[in-house]
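Undergrad: what's the 3D shape of this:
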Amino acid sequence: MQHDIRILIADDDREIRELVKTYLERETYRIDTAADGEEALRLFEAHRYNLILLDLMMPKVDGIEVCRRLRMKTNVPILMLTAKDQEIDKVLGLSIGADDYITKPFSIHELVARIKAHLRRFLVLGSESGPQQETVLSFKNLSIHLQKYTVTRAGEEITLTGKEFELLKFMASYPEQVFTKTQLFRQVWDSDYLEDDNTVMVHIRKLRMKIEEDPSDPKWIQTVWGIGYKFAGDKDEA
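TA: Next comes the predicted model:
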């Protein structure tokens, strides 16, 4: 139930904190707010959150560092708020584990929609609510465990963020099929609003760093120039 969902909003702008808090409380979510990075980290240690919304530029500890520390401890969705001129920081945030970012000034309705989409995907992980035709996608030495939400390569477990796993699972479910960045964003981020290519590109790069033996010459996630990406590999029949 939604009133059991707890979200942390960390932003040094009081008006933004209160605006987002008001709209999310209308959805019956439980909301905590922090005005700086230190407070956000303290609240995280004191409570269990289902989603965290971080501003990049916060006093004491900035959003990038907060994200880095949180990602070492939790797999919950982390969304980052950025300004238009923080392109490098957006890429850095995604590269250290943020699942998504929203550019200021933002539409509050778009933000709420993104938050709902991330929560839907996160909260159904491991759900037994529907029939499961296949619980493991196996490709030679790479295995994707759908219910456990884990990935192993040659028997060794690989740690992925929620969005990295969703991206890999989706592409691996359709081996050799080519997807554009827009198609991947629509399927994995559950949104038609693709602000730029960085979100998908950074997650592809991070996935390659984690699952490929040689990320500079990827075997699994291949670029199809001028179109997008595909997952290359035949499923094991065993």
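Undergrad: helices or strands up against the lengthiest helix in the chain?
TA: In the chain, ranked by residue count with DSSP state H as the criterion, the top helix is helix 108-123. Here helix 108-123 touches helix 14-26, strand 51-55, strand 78-83, strand 100-104, helix 162-172, going by 3 or more C-beta pairs under 8 Å, 6 or more residues apart in numbering; DSSP states H and E. For the C-beta atoms, the positions are set from N, CA and C on the backbone; glycine is no exception.
Undergrad: Partner strands of the second one and their direction?
TA: Using DSSP bridges, the strands paired with strand 51-55 are strand 6-10 (parallel), strand 78-83 (parallel).
Undergrad: could those strands go into a markdown table alongside distance to Glu213?
TA: A markdown table is the format used below for the strands paired with strand 51-55 (distance: least, C-beta to C-beta, whole Å):
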| stretch | distance to Glu213 |
| --- | --- |
| strand 6-10 | 37 |
| strand 78-83 | 28 |
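Undergrad: Dump the ones you listed to a markdown table, plus mean pLDDT, distance to His109 and mean neighbour count.
TA: Below are those laid out as a markdown table (pLDDT from 0 to 100; distance: least, C-beta to C-beta, whole Å; neighbours: other C-beta atoms under 10 Å):
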| stretch | mean pLDDT | distance to His109 | mean neighbour count |
| --- | --- | --- | --- |
| strand 6-10 | 97 | 16 | 23 |
| strand 78-83 | 88 | 15 | 23 |
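Undergrad: quick one: buried residues of the longest helix of the chain?
TA: Going by neighbour count (16 or more other C-beta atoms under 10 Å), the buried part of helix 108-123 is 111-112, 114-119, 121-122.
Undergrad: and of those residues, the nearest to Glu176?
TA: Minimum distance to Glu176 across these is 24.5 Å, recorded for Arg121 (C-beta to C-beta).
Undergrad: List the neighbours of the longest helix of the chain that are in contact with it.
TA: 5, 7, 19-20, 23-24, 27, 50-51, 53, 76-77, 79, 99-100, 102, 162, 166, 189-191, 193 (C-beta atoms under 8 Å, 6 or more residues apart in numbering).
Undergrad: Mark which of these are buried, thanks.
TA: Using 16+ other C-beta under 10 Å as the burial test, the contacts of helix 108-123 include 5, 7, 20, 23-24, 50-51, 53, 76-77, 79, 99-100, 102, 162, 166, 189, 191 as buried.
Undergrad: Restricting the selection to alpha carbons, write stretch 61-73 to CSV.
TA: The C-alpha trace of stretch 61-73 is given here as CSV (Å, rounded to 0.1, in the frame of the first residue of the first chain):
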residue,chain,number,x,y,z
VAL,A,61,27.9,17.0,1.4
ASP,A,62,26.9,17.3,-2.2
GLY,A,63,24.4,15.0,-4.0
ILE,A,64,27.2,13.2,-5.9
GLU,A,65,28.9,12.1,-2.7
VAL,A,66,25.6,11.3,-1.0
CYS,A,67,24.6,9.1,-4.0
ARG,A,68,28.0,7.4,-3.9
ARG,A,69,27.7,6.6,-0.2
LEU,A,70,24.1,5.5,-0.4
ARG,A,71,24.7,3.2,-3.4
MET,A,72,27.2,1.3,-1.3
LYS,A,73,24.4,0.4,1.1
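Undergrad: Please identify the buried residues of it?
TA: 61-64, 66-71.
Undergrad: Tell me which residue is most central in this structure.
TA: By C-alpha atoms, centre = their mean, the chain has its centre lying nearest to Asp99, at 2.5 Å.
Undergrad: so how far is Asn75 from that residue?
TA: Using C-beta to C-beta, to the nearest Å, Asp99 is found at 10 Å from Asn75.
Undergrad: what stretches of the protein score poorly on pLDDT?
TA: Filtered on pLDDT under 70, the chain yields the residue ranges 1-3, 84-90, 93, 124-134, 147, 192-197, 234-238.
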